[in-house]
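Visitor: show me the folded form of this:
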Amino acid sequence: MGEVKDTVKGSGPKPSKKATKKAEGNLINQVIDLMDEVGRLTVIKDDDTLSEGDAAFADNTRKAATLRAAHSLLTATRTLLEEY
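Guide: Modelled structure (predicted):
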């Protein structure tokens, strides 16, 4: 159990090579980095919704909503990890 807690808080084993270079440190920081990236992508998709016309409106709106749902899950994940 200590290894898991250490990994979440940052003093555990190093992240695997598959982890992004930006997401260093602990699991909470990695989730925050993912939240930032999903937020950035949501803004881009919202811009697409406004600029790509009626033909793509429904698809862009659905994709933006999916990104918002992912961000919400990441927010909940962050809260759970911070309470760990």
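Visitor: work out for me the element A55 sits within.
Guide: Assessed by DSSP states H and E, A55 sits inside helix 54-82.
Visitor: tell me the mean pLDDT over that helix?
Guide: On average, the pLDDT along helix 54-82 is 94.
Visitor: what's E83 sitting at in phi/psi?
Guide: phi -90, psi 0 (degrees, to the nearest 10).
Visitor: from A76, how far out is it?
Guide: Relative to A76, E83 is positioned 11 Å away (CB to CB, to the nearest Å). All C-beta spots, glycine's among them, are computed from the backbone N, C-alpha and C.
Visitor: who has more neighbours out of the two?
Guide: Legend: neighbour count by other CB atoms under 10 Å for E83 and A76, higher for A76 (11 against 6).
Visitor: how much space between that one and L34?
Guide: Separation of A76 from L34 (CB to CB): 13 Å.
Visitor: try N60
Guide: Counting by CB to CB, the gap from N60 to L34 is 21 Å.
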